[in-house]
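Enquirer: After the sequence you'll find the predicted model.
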Amino acid sequence: MSAAAGRSDFRLKLTIFIVMLFVYLAVGHWLQVQNGFIMGDTLSRVVATQSVLFSRDPHLAALGFIFTPVAAMVQIPAVALGAVWPDIAGRAFAGTIMSATFMA
């Protein structure tokens, strides 16, 4: 395979990733933020992530080990933006951002 074909293949894959990411984020925003459809598991992971950042004693072990802690760790940067956009944590949109990224 030539170098030009490799770059073209990468651009196509990157374009598909970005388009699908925005589609998943738009559907998640419509479901969670606009219509209030929030899964209980998603909300519990966002709450666990908030406890890592905003508890009296912030530490990574506050995630616990009942659910997979990796999913909650990936949400930490999004939940940190909760002061800027409260729906990220209040409507559990951080879970949608994490899921959309991995689905795309």
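Expert: Received, thanks. If you're wondering where the values come from, they're calculated on a predicted model, not measured in any experiment.

Enquirer: Endpoint to endpoint, stretch 86-95 covers what distance?
Expert: 14 Å (C-alpha to C-alpha, to the nearest Å).

Enquirer: tell me the mean pLDDT for that stretch?
Expert: In this model, stretch 86-95 has an average pLDDT of 86.

Enquirer: Let me see the residues that make contact with that stretch.
Expert: 28-29, 32-33, 36, 38-39, 42-43, 45-46, 49-50, 75, 78-79, 81-82, 97 (C-beta atoms under 8 Å, 6 or more residues apart in numbering). For every residue, glycine as well, the C-beta is placed using N, CA and C.

Enquirer: Show me how far that stretch is from its chain's centre.
Expert: Centre-to-centre, stretch 86-95 and its host chain are 9 Å apart (C-alpha atoms, centre = their mean, to the nearest Å).

Enquirer: where does the protein have low pLDDT?
Expert: 1-6, 67 (pLDDT under 70).

Enquirer: what's the following helix or strand after the lengthiest helix in the chain?
Expert: Secondary structure of the chain per DSSP state H: the longest helix is helix 3-28. Using DSSP states H and E, the next helix or strand after helix 3-28 towards the C-terminus is helix 40-54.

Enquirer: in the following helix or strand past that following helix, what counts as buried?
Expert: Sequence-wise, the next helix or strand downstream of helix 40-54 (DSSP H and E) is helix 69-74. Using 16 or more other C-beta atoms under 10 Å as the test for burial, helix 69-74 gives 69, 71-74.

Enquirer: biggest separation within these, which pair?
Expert: By the measure C-beta to C-beta, 69 and 74 form the most distant pair in the buried residues of helix 69-74, at 9.8 Å.

Enquirer: and for those two, which residues touch both?
Expert: With C-beta under 8 Å, 6+ apart as the test, residue 69 and residue 74 reach no residue in common.

Enquirer: residues touching the closest residue to residue 28 other than its chain neighbours, list them.
Expert: Leaving aside its sequence neighbours, residue 28 sits nearest to residue 96 (C-beta to C-beta, 6 or more residues apart in numbering; 3.3 Å). Counting by C-beta under 8 Å, 6+ apart, residue 96 touches 24-25, 28-29, 31-32, 42.
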